[in-house]
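Chemist: The amino acid sequence is not available; the structure is as follows:
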């Protein structure tokens, strides 16, 4: 079940905990995608908190928001790039997206298979996707104070298996949001220290969010004809289909005279 866009906007833009989560995940995404000049970048779900660094350098940025969630204009003070769409039918041409971000679009969808099929369809042959989902073993998936406490949390193995099953090649996986989902001042003050420690000593069970980067796999073209040559063809049926030559009139007359002479 998708969350309402009003609640998502309130969390990421109006709460201290949401702004902290936004900063941590966005910084990790920028480390993954250092080169982004001239690219077409698309986000699905509620990915707008992570897309602002791509506005200035990218060729095009599009924020797709599913109908059950709702849409909001974004970015503020600039031409709108947000689009309301069906979660299984995106208004994007096939093979045109260089980078794609899934945030609150996979774990909350009732049709995750169709979402990944659309992801594969719109990505360019060398396109990359980052799936961001709540960690099943983390603290954030156990708290309903944040959007990561809704939908289906994933383990790292579950997410990678699902991506591979939809023709994606896993490139890297990281865990982030090591700070607890608490609004207490003590935890807020130590949040930066906890993120730094978690980044240098990655423990997937401790992070609240999993981020898996994958590339689109394109099957090689099939050549017409047999794929392998037959090394030792069977000779049982050789000659059956070859027509015998028709005997000439002279040969036929000689055969008749020879048969007559033998009978005498």
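Modeler: Cool, got the structure. All figures in this text were calculated on a predicted structure; none of them were measured in a lab.
Chemist: Can you give me the buried ones in the lengthiest helix in the chain?
Modeler: Secondary structure of the chain per DSSP state H: the longest helix is helix 16-32. Counting neighbours by 16 or more other CB atoms under 10 Å, one finds that the buried residues in helix 16-32 are 17-18, 20-22, 24-25, 28-29. Placement of C-beta: from N, CA and C, glycine included.
Chemist: Which strand residues bridge residue 131?
Modeler: residue 102, residue 212 (DSSP bridges).
Chemist: Can you tell me which of the buried residues of helix 16-32 comes closest to residue 52?
Modeler: Distance to residue 52 across the buried residues of helix 16-32 (CB to CB) is lowest for residue 22, with 9.6 Å.
Chemist: Just give the nearest non-adjacent residue to that closest one, would you?
Modeler: Leaving aside its chain neighbours, residue 22 sits nearest to residue 49 (4.3 Å; criterion: CB to CB, 6 or more residues apart in numbering).
Chemist: Could I get the full set of helices for the stretch 51-200 of the chain?
Modeler: 112-122, 156-164, 185-189, 191-200 (DSSP state H, counting those that start in this stretch).
Chemist: Check those helices for me: which has the lowest mean pLDDT.
Modeler: Comparing mean pLDDT across the helices of the stretch 51-200 of the chain, the weakest is helix 185-189, with a mean of 60.
Chemist: Listing request: residues of this protein with sub-threshold pLDDT.
Modeler: 182-205, 220-264 (pLDDT under 70).
Chemist: in stretch 104-117, what counts as buried?
Modeler: Judged by neighbour count (16+ other CB under 10 Å), stretch 104-117 contains these buried residues: 104-109, 112, 115-116.
Chemist: any chance of these in a markdown table, plus distance to residue 154?
Modeler: Conversion of those to a markdown table gives the following (distance: CB to CB, whole Å):
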| residue | distance to residue 154 |
| --- | --- |
| 104 | 13 |
| 105 | 13 |
| 106 | 8 |
| 107 | 7 |
| 108 | 12 |
| 109 | 13 |
| 112 | 10 |
| 115 | 13 |
| 116 | 13 |
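Chemist: what's the distance between residue 64 and residue 51?
Modeler: Taking CB to CB, to the nearest Å as the measure, residue 64 falls 11 Å from residue 51.
Chemist: So for the two, which residues contact both of them?
Modeler: Shared contacts of residue 64 and residue 51, defined by CB atoms under 8 Å, 6 or more residues apart in numbering, comprise residue 43.
Chemist: Do you have the strands of the stretch 51-200 of the chain handy? List them.
Modeler: For the stretch 51-200 of the chain, applying DSSP state E, counting those that start in this stretch gives strands covering 60-66, 82-85, 97-103, 123-134, 168-176.
Chemist: What strands line up against the shortest one, and which way round?
Modeler: Same thing as strand 82-85. Going by DSSP bridges, the partners of strand 82-85 are strand 60-66 (parallel).
Chemist: now what about the strand it pairs with, what contacts it?
Modeler: Taking CB under 8 Å, 6+ apart as the rule, strand 60-66 contacts 2, 5, 40-48, 51, 54-55, 71-72, 74, 81-87, 90-92, 105, 109.
Chemist: How about stretch 68-80?
Modeler: Identification of contacts with stretch 68-80 by CB under 8 Å, 6+ apart yields 1-6, 8-9, 45-46, 48, 52, 55, 63, 65, 81-84, 87, 104, 108.
Chemist: Can you give me the buried ones in it?
Modeler: For stretch 68-80, by 16+ other CB under 10 Å, it's 69-72, 74.
Chemist: now swap in stretch 37-46 and tell me
Modeler: 39-46.
Chemist: Quick check: residue 130 touching residue 215?
Modeler: No - using CB atoms under 8 Å, residue 130 makes no contact with residue 215, being 10.8 Å away.
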